[in-house]
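Student: After the sequence you'll find the predicted model.
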Number of protein chains: 2
Amino acid sequence: MNSAASEPALIGIDWGTSSLRAFLIGAQGEVLDKVSSAEGIMHVKDGDFEAVFRKLIAVWGANAKVPVLASGMITSRNGWVETPYAQVPLGAGDLARALVPHPTSCGMDLRFITGVTTDHAAGPDVMRGEETQIIGAQALGMSDGTFVMPGTHSKWIRVADDRIEDYATYMTGEIFAALKGHTILGTLIEDGPYDAEGFSRGVAAGLDKGSSLLHDLFHVRTLPLMGRMESRSVADFLSGLLIGAEVKAAQDRGDATAAVTIIGRSDLADRYETALTAAGLHSTRAPDDIVASGHFLIAQAAGLIS
Amino acid sequence: MNSAASEPALIGIDWGTSSLRAFLIGAQGEVLDKVSSAEGIMHVKDGDFEAVFRKLIAVWGANAKVPVLASGMITSRNGWVETPYAQVPLGAGDLARALVPHPTSCGMDLRFITGVTTDHAAGPDVMRGEETQIIGAQALGMSDGTFVMPGTHSKWIRVADDRIEDYATYMTGEIFAALKGHTILGTLIEDGPYDAEGFSRGVAAGLDKGSSLLHDLFHVRTLPLMGRMESRSVADFLSGLLIGAEVKAAQDRGDATAAVTIIGRSDLADRYETALTAAGLHSTRAPDDIVASGHFLIAQAAGLIS
């Protein structure tokens, strides 16, 4: 635990599917301490979320007598409490008004930050947790532009004047895994270190204006089959093809504008930076613990911090 | 066995991955008899293709003393003999010149029809067997237009003046299976009878000009999650979304022109007909035993039939 100059004012929890992170936050929004755990909602025994919660904050002892905000998949159907989605456009004030208080037997002041949805005719998008990270980016002075959150289901989130205007989800990461693990494309893949050339070749194919994924994916098989690609390049070619197609789709949707900020795991974020550069877009990076700033700004908007 | 008015002149074998079909063909190209078997190349024990071959033609006894042409995956790396690909554009004469004779211990005159490739910069396409079906379509008077062959890897084949000009493969069928079986999209699917409304809704989404598959696929989850689609519609919505995206890609590629002929299994062919109609395209259907006509026309071009 760090030594803390400031008094604790808030605990923020980012509670996802496979892991969670908790932050002890000071009155100026500074992170005084943090803990993480593998007890994401899919790993919580017998649905006893409160036991995990108590154990988690117990490390902070008397300091834990502050309000607690929790965001993420913890508010989904398989979480602690299922909360309704709030709808875009929205900012910290809207999320503060939509907070869902939840009684705990230990008497803590726990409130859930709800997930966020869109309502396009083609179909809604849903997210739980990412909205809090994006609100947190305001603390870095990023209140306009597009944020990219790479992952299993990557998100492109458009922000203007500190509000989330719109966003779209791309199933890129999960589709990569399904194609590699469960189609004929996996059979010619030789696992090995990252192959930058294969990745860039894939990105170029995915970005190509005349390309279509259902057709281009077949080249992941035919190029090595016909001796036009080394086996060691195939996995990263597939990765590049999918990420390139995602960037092209985001450009077509009008999301890939001047300022693009990438948030997320660093190896995957590196790939997105490469793909954005190939598409002629300038990108910057944000650390992924901006979620604590999101908890702080929402708590402030809710009047939980004086 | 049918009673045959004409003398046998040729045996044609369409030998695929999971099954095979053999045709006893008369001097005018008429099918005198046919047999089928589950002994596709993946089911042939110890690679003893000749044993399967001998058993297959033995049913025709003395009539089997005619030339034999075999097409399909039998000429692939895991088949009887791996033959090189011939390249588009090509017609029956080119395939006749590229025939690969193969000695058999039983003394039969067996020749393999090679597969066909394209050589686009983005990546080659490959097929083994479909080219013979397409050549066979000439016997139906179809010597111009686009042929669609639905399947695990569907093919769009452009024909002009009795020659295969170009073609493209779409991994639609295999990707459907991988997404349904191995991603989160499968979890909200309730299996049941064909749901025409769900399929048409998917086709419309896939055909939409502003759509992108990586994003739209997420709606296969969110629409039922948010109560905007019944579980029983989800599988066919996914099917329609993918087939619609395939038709749109073929249109963008310039392949979906005036005359589109659908070849293949009838339930899947029905889906393609629905999708083509939704895209404003007129389609006709061809029976899939046109492959025997392909064997006949190639044998004729090779001078094997007087």
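Tutor: Nice, I can see it.

Student: any residue of the helix or strand hosting A:Trp156 up close to chain B?
Tutor: Per DSSP states H and E, A:Trp156 falls inside strand A:154-160. No. Residues of strand A:154-160 are not located near chain B by C-beta under 8 Å from any C-beta of the partner chain, the shortest gap being 8.7 Å. (C-beta placed from N, C-alpha, C; glycine too.)

Student: Give me the contacts around the helix or strand following that strand.
Tutor: Sequence-wise, the next helix or strand downstream of strand A:154-160 (DSSP H and E) is strand A:163-170. Applying C-beta atoms under 8 Å, 6 or more residues apart in numbering or on different chains, the external contacts of strand A:163-170 come out as A:88-91, A:116, A:118, A:125-127, A:130-131, A:134-135, A:153-159, A:246, A:249-250, A:253, A:255, B:212, B:214-215, B:218.

Student: next one: stretch A:270-277
Tutor: A:148, A:150, A:196, A:199-200, A:203, A:206-207, A:239-240, A:243-244, A:246-247, A:256, A:260, A:262, A:264, A:282-283, A:285.

Student: Tell me which of these fall in helices.
Tutor: A:196, A:199-200, A:203, A:206-207, A:239-240, A:243-244, A:246-247 (DSSP state H).

Student: between those residues, which is closest to chain B?
Tutor: For those, the closest approach to chain B (C-beta to the nearest C-beta) belongs to A:Glu246, at 5.3 Å.

Student: List the buried residues of the helix or strand where A:Glu273 lies.
Tutor: Using DSSP H and E, A:Glu273 falls within helix A:266-278. Applying a neighbour-count criterion of 16 or more other C-beta atoms under 10 Å in any protein chain shown, one finds A:268-276, A:278 buried in helix A:266-278.

Student: Could you do stretch A:173-190 as well?
Tutor: A:173-176, A:178-180, A:182-183, A:185-186, A:188-189.

Student: for stretch A:290-304, same thing?
Tutor: So for stretch A:290-304, counting by 16+ other C-beta under 10 Å, buried means A:290-302, A:304.

Student: Kindly report the same for stretch A:79-88.
Tutor: A:79-80, A:83, A:85-86, A:88.

Student: and what of stretch A:37-45?
Tutor: A:39-41, A:44.

Student: do stretch A:140-159 as well
Tutor: The neighbour-count check on stretch A:140-159 (16+ other C-beta under 10 Å) flags A:142, A:145-151, A:153-159 as buried.

Student: measure it end to end?
Tutor: Using C-alpha to C-alpha, to the nearest Å, the span of stretch A:140-159 from its first residue to its last is 14 Å.

Student: and A:Ala160, bridged to which residues?
Tutor: A:Arg163 (DSSP bridges).

Student: Could you double-check that it sits in contact with A:Asp144?
Tutor: Yes. Contact criterion C-beta atoms under 8 Å: A:Ala160 and A:Asp144 qualify, at 5.4 Å.

Student: okay, now the one residue in the stretch 1-150 of chain A that gets nearest to chain B: neighbour count?
Tutor: Nearest residue of the stretch 1-150 of chain A to chain B (C-beta to the nearest C-beta) works out as A:Gly123 at 2.9 Å. Around A:Gly123 there are 24 other residues, counting by other C-beta atoms under 10 Å in any protein chain shown.

Student: Look up how far B:Tyr170 lies from A:Asp267.
Tutor: In this view, A:Asp267 and B:Tyr170 are 31 Å apart by C-beta to C-beta, to the nearest Å.

Student: just to revisit the earlier point, can you tell me which of the buried residues of stretch A:79-88 is nearest A:Leu99?
Tutor: Checking these against A:Leu99 by C-beta to C-beta gives A:Thr83 as the nearest, at 9.2 Å.

Student: my read: that closest one touches A:Arg77, true?
Tutor: No. Contact criterion C-beta under 8 Å: A:Thr83 and A:Arg77 do not qualify, at 10.3 Å.

Student: that older thread, give the contact list for the residue of the stretch 1-150 of chain A closest to chain B.
Tutor: With C-beta under 8 Å, 6+ apart, A:Gly123 has these contacts: B:205, B:216, B:218-219, B:222-223, B:228.

Student: got the phi/psi numbers for it?
Tutor: phi 160, psi 150 (degrees, to the nearest 10).

Student: Same question for A:Ala96.
Tutor: When read as degrees, to the nearest 10, the backbone of A:Ala96 gives phi -60, psi -40.

Student: how many neighbours does it have?
Tutor: A:Ala96, neighbours per other C-beta under 10 Å, totals 20.

Student: Contacts only, for it.
Tutor: Residues near A:Ala96 by C-beta under 8 Å, 6+ apart: A:298-299, A:301-303.

Student: A:Thr132 versus that one, what's the distance?
Tutor: Relative to A:Thr132, and taking C-beta to C-beta, A:Ala96 is found at 11 Å.

Student: tell me, what's touching the two both at once?
Tutor: A:Ile298.

Student: With adjacent residues omitted, what lies nearest to A:Thr75?
Tutor: Spatial nearest neighbour of A:Thr75, chain neighbours left out: A:Thr83 (4.2 Å); criterion: C-beta to C-beta, 6 or more residues apart in numbering or on different chains.

Student: Parallel or antiparallel, list what pairs with the helix or strand of chain A at the bottom of the mean pLDDT ranking.
Tutor: Ranked by mean pLDDT, DSSP states H and E, the helix or strand of chain A with the weakest confidence is strand A:283-286, at a mean of 92. Sheet pairing for strand A:283-286, assigned by DSSP bridges, gives strand A:260-263 (parallel).

Student: Which residues does the partner strand contact?
Tutor: A:133, A:137, A:142, A:145-150, A:269, A:272-273, A:276, A:281-288, A:290.
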